[in-house]
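[1] Coordinates for the following, if possible.
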Amino acid sequence: MEDKTYDRKNLMIPQLSVSKTKLVYAEALLKVKINHIFDKKLGKTNWSIKSRDNVK
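    A predicted model of the protein is given here:
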């Protein structure tokens, strides 16, 4: 089986289903791609942070 970024670790209880986890990764990828739209005028994005209360 090929490893995916959303694969589960042993002995860990996931907070999201696999389908919801895929959506979270898709959201992050979309944000990165949207940031590129503004690169020419505003400069390259150096970093982007999202923080959630229930995730470390």
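
[2] Which secondary structure element is home to the residue of the chain positioned farthest from its centre?
    Within the chain, the residue lying farthest from the chain centre (C-alpha atoms, centre = their mean) is residue 41, at 24.8 Å. In the assignment (DSSP states H and E), residue 41 maps to helix 39-42.

[3] next one: that helix to chain centre, how far?
    Relative to its chain's centre, helix 39-42 lies at 23 Å (C-alpha atoms, centre = their mean, to the nearest Å).

[4] Stretch 29-47 too?
    That offset, for stretch 29-47, works out to 15 Å (C-alpha atoms, centre = their mean).

[5] contacts for that stretch?
    residue 48 (C-beta atoms under 8 Å, 6 or more residues apart in numbering). Every residue, glycine included, has its C-beta placed from N, CA and C.

[6] how far does it stretch from start to finish?
    With C-alpha to C-alpha, to the nearest Å as the measure, stretch 29-47 spans 13 Å from end to end.

[7] For it, buried residues please.
    Buried residues in stretch 29-47, counting neighbours by 16 or more other C-beta atoms under 10 Å, are absent.

[8] hang on, isn't residue 24 packed against residue 16?
    Yes - taking contacts as C-beta atoms under 8 Å, residue 24 lies within contact range of residue 16: 6.8 Å.

[9] in the protein, which helix has the most residues?
    For the chain, the longest helix by residue count, based on DSSP state H, is helix 18-37.

[10] coming back round to it: send the alpha carbons of the helix holding residue 41 over as PDB?
    What follows is helix 39-42, C-alpha atoms only, in PDB (Å, rounded to 0.1, in the frame of the first residue of the first chain):
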ATOM      1  CA  ASP A  39       2.900  36.800  -5.900                       C
ATOM      2  CA  LYS A  40       3.600  39.100  -8.900                       C
ATOM      3  CA  LYS A  41       2.200  42.200  -7.200                       C
ATOM      4  CA  LEU A  42       2.800  41.500  -3.500                       C
END
